[in-house]
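# Return atomic coordinates for the entry below.
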Amino acid sequence: MTASLQEQHVDAGDEALLEQIRASDVGAFEQLFRRYAEPLYDCAYGYVGSRDVAQEVVQQLFVTLWERRRVWQVSGTVVTYLYRAVRNGSLNVLREGRRRVPLVERVHDVPGIEQEVEAADLARAVARIVARLPERCREVFRLNRYHHLTYAEVAQVLNLSVKTVELHMARALRELRSRLKAD
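Coordinates of the predicted model:
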């Protein structure tokens, strides 16, 4: 199955789940939750920097979806809708001042294993560089590289053109290469 056919299959499966959820199928809702809760939690955590707050954002999203299941309208794919909703929920939390923990990526070194120490150092360096990117550029990079959304999906989530996403990714990668060479 080609990548585009595989994506269409996943989208069709999500659309079928959406119809079942609209018909109050609890099993379909649980399946949607199990499929997306973890990556959405990771996305929210990237914004709010607190595990508890990220969990609240995702839980609130799914509660709201269930409460509004009969009128839930999705523009684009279900996955881009969910990521956009988590982004918006996370930004609302930050605006409300409920951020409890500074955004810090924690990478634990494993003593005595040189490759893992080097990988952890690189991960920390990348996290520092990404944190310094302009906000929109940082969002594009995280959604693409950490959450594995395609450029088209990132464009839908952030309400940008695909070309703008490409430009932000090029800028982020250029900045990473430049700063990593300097270190």
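
# these two touch, right, residue 136 and residue 159?
No - in this structure residue 136 lies outside contact range of residue 159 using C-beta atoms under 8 Å: 10.8 Å. C-beta: built from backbone N, CA, C; applies to glycine.

# In terms of packing, which of the two has more residues around it?
Per other C-beta atoms under 10 Å, whichever of residue 136 and residue 159 has more neighbours is residue 136, with 14 against 8.

# Check what pLDDT that one gets.
What the model reports for residue 136 is a pLDDT of 93.

# What segments of the protein are helices?
3-22, 26-48, 51-67, 78-95, 114-132, 135-141, 151-158, 162-182 (DSSP state H).

# Quick check: which ranges of this protein have low pLDDT?
1-12, 98-121, 183 (pLDDT under 70).

# do that again at 80, thanks
For the chain, the stretches with pLDDT under 80 are 1-12, 75, 97-125, 180-183.

# Tell me if I'm right that residue 154 and residue 145 touch.
No - taking contacts as C-beta under 8 Å, residue 154 lies outside contact range of residue 145: 10.1 Å.

# Those two: which is more packed in?
Neighbour count, other C-beta under 10 Å: between residue 154 and residue 145, residue 154 has more, with 25 against 15.

# I am finished for the moment; much appreciated.
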